[in-house]
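Chemist: Predicted model follows, preceded by the sequence.
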Amino acid sequence: MLLTRLAQVSREVAATAARSRKIELLAELFRDAEADDVPVVIPYLAGRLPQGRIGVGWKVLGRPVPPADEPSLTVREVDARLTGLGKVSGPGSQAERTRIVGELMGAATEEEQRFLRGLLTGEVRQGALDAVAVEGLARATGADPADVRRAVMLAGSLQTVAQALLGEGPGSLDRFRLTVGRPVLPMLAHSASSVAEAVEKLGACAVEEKLDGIRVQVHRDGDTVRIHTRTLDDITGRLPEVTAAALGLPGERFILDGEVISFDAAGRPRSFQETAGRVGSRTDVARAAGQTPVSPVFFDALSVDGRDLLDLPFDERHAELARLVPEPMRVRRTVASGPRDIPEAERFLADTLARGHEGVVVKALDAPYSAGRRGAAWLKVKPVHTLDLVVLAAEWGHGRRTGRLSNLHLGARTPDGGFAMLGKTFKGMTDAMLAWQTERLRELAVEDNGWVVRVRPELVVEIAYDGLQRSTRYPAGVTLRFARVVRYREDKRPEEADTVEALLAAHPEVSP
Ligand SMILES: Nc1ncnc2c1ncn2[C@@H]1O[C@H](COP(=O)(O)OP(=O)(O)OP(=O)(O)O)[C@@H](O)[C@H]1O
């Protein structure tokens, strides 16, 4: 496929607000794509680079290069050139990168140059693109959208499914089955502002404690246990005590969903930083496990004894979980049959907070397990509200922070796939965080004027704040009060960050 086609469709998809039109545009594009184009076309449409980080020749990006008159670049050729760019290293690498980017830009038409610049600087992120792409793929190939969605959850990747569909047609979807040992995309939650609101929305529901640890999916097949994160990374080697716990359960083959968390001697949860530090450490695992042991606490069962439970309602999946997993290894919960049980649900939340946890997740008892945030069958309620924002830039620090990138410029997503800056913060950072962010942000730098370093918007950071106030200095017309960093969210992509729209909806007091 020619890049020009992709650039054009990408522009049209971003420009239209109508979901049905976006789907039609993508379906047309997929009809023309070959299966081998898919690994490039899908991330490019979403504004992602399949290579992840590549050291771009930033100087060239800022300097105009005369465009080609006629389109000739194919998407696969662009991808190959960018892979080459990522491999450049050693002395003279900056000049070599500049040469490669210059050549690429010189072969691109004006529209293609615009597209490439957006892609390389990461300024455009089509948040909901993957969901729309699923529908577009279904339309292009005559498959049922629900079947495509399920296959994506089971394969853990839209690209894998798209390739199979475009290469072999809808029959290929049968191949994607729930298999013990192969991780699937986890089900995610929406937010509710109170327990009452959540129970009213969902009707019969379970109210479960929300533990502030690391999400894990645990697969056991006989003597083999595999542990995966929310992003499907395999972390089995780092958590021997979780493997031992899974081997101690009375089933031979199962897939369980839960959270790992570290408790102190009194049984109270340790800070998220302690749990995350432990789960993140790869060296001297035995010593780390001795110092900060973690416990798995499960809340769902996806497969037991070779039976796929995904389409069962939650109360039936939970009954299977309860048969397999004893009490202390399951999250605490209470069941509410409807609004009349709201007082009991509120007591459960208060009790959970008193025990040191962050809130509750309210779950519809009749809902199947479905990946992503579709359907809103899980609603989280957390009294301390935080935002997931994207770092757009950072300022060089002063005094004790000289040489460190400190004051962060924070952005929320806008409907056109861009980001609007909401404010800045240099608060809440530990020294370790400062060192880490300086290094990471330098890798993402697009421009450095000696004061502010503008970066590819890739890093998601969780921010606590005391409220919003109106401000004409910021593009959304509002800014955060007392923003401070809680933690980096490396498990989230920028297209999962909070939107300006949702933020304003949550703060009617500042709406114009
Ligand atoms: N009982 C529970 N049921 C479901 N998820 C739970 C539970 N306890 C803790 N969690 C955690 O809460 C998350 C659900 O919230 P969500 O889908 O919004 O993800 P998130 O953005 O990572 O949430 P947050 O930042 O609020 O932890 C899960 O991914 C899981 O890690």
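Modeler: Okay, I see it.
Chemist: And residue 158, how close does it get to residue 133?
Modeler: According to Cβ to Cβ, to the nearest Å, residue 158 and residue 133 sit 6 Å apart. Quick note: C-beta positions are derived from backbone N, CA and C, even for glycine.
Chemist: out of the two, which sits in the busier spot?
Modeler: Neighbours were counted for residue 158 and for residue 133 using other Cβ atoms under 10 Å; residue 133 has more, 27 against 24.
Chemist: Quick check: neighbours shared by residue 158 and residue 133?
Modeler: residue 42 (Cβ atoms under 8 Å, 6 or more residues apart in numbering).
Chemist: can you list the residues of this protein near the ligand?
Modeler: When proximity is defined as Cβ under 6 Å from any ligand atom, the chain approaches the ligand at 188, 189, 208, 210, 211, 215, 230, 259, 299, 331, 361, 380.
Chemist: Which helix or strand contains the last one?
Modeler: Looking back up the chat, that one is residue 380. Assigning secondary structure by DSSP states H and E places residue 380 in strand 378-381.
Chemist: The residue of the chain most remote from its centre sits in which helix or strand?
Modeler: Centroid-distance maximum for the chain: residue 69 at 38.8 Å, with Cα atoms, centre = their mean. Under the criterion DSSP H and E, no helix or strand holds residue 69.
Chemist: which residues does it contact?
Modeler: Applying Cβ under 8 Å, 6+ apart, one finds that residue 69 lies in contact with residue 109.
Chemist: do residue 138 as well
Modeler: Residue 138 sits next to 144, 145, 147, 148 when contact means Cβ under 8 Å, 6+ apart.
Chemist: Could you check how far the second one is from residue 156?
Modeler: Right, the one you point to is residue 145. 18 Å.
Chemist: higher neighbour count, these two?
Modeler: residue 156 (18 against 15).
Chemist: now that one: how far from residue 143?
Modeler: 18 Å.
Chemist: And for residue 294?
Modeler: 41 Å.
Chemist: between these two, which one's more packed in?
Modeler: Legend: neighbour count by other Cβ under 10 Å for residue 294 and residue 143, higher for residue 294 (25 against 20).
Chemist: Does that one touch residue 280 like I think?
Modeler: No - when contacts are counted by Cβ atoms under 8 Å, residue 294 is not listed as touching residue 280 (11.5 Å).
Chemist: Can you pull out the residues in contact with the helix or strand encompassing residue 480?
Modeler: Under the criterion of DSSP H and E, residue 480 resides in strand 478-481. Residues from elsewhere that reach strand 478-481 (Cβ under 8 Å, 6+ apart): 387, 410, 422-423, 425, 463, 465-471, 473, 503-504, 507, 510.
Chemist: ChimeraX command for the buried members of those residues?
Modeler: Those of those that count as buried under 16 or more other Cβ atoms under 10 Å are selected in ChimeraX with:
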select :387,410,422,423,425,463,465,468,503,504,510
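Chemist: Okay, and which of the contacts of strand 478-481 map to helices?
Modeler: Cross-referencing these against helices under DSSP state H gives 503, 504.
Chemist: In strands only, show me the contacts of strand 478-481.
Modeler: The strands, defined by DSSP state E, take in 387, 410, 422, 423, 425, 463, 467, 468, 469, 470 from the contacts of strand 478-481.
Chemist: Low-confidence regions, the protein specifically.
Modeler: Scanning the chain for pLDDT under 70 picks out 57-59, 127, 512.
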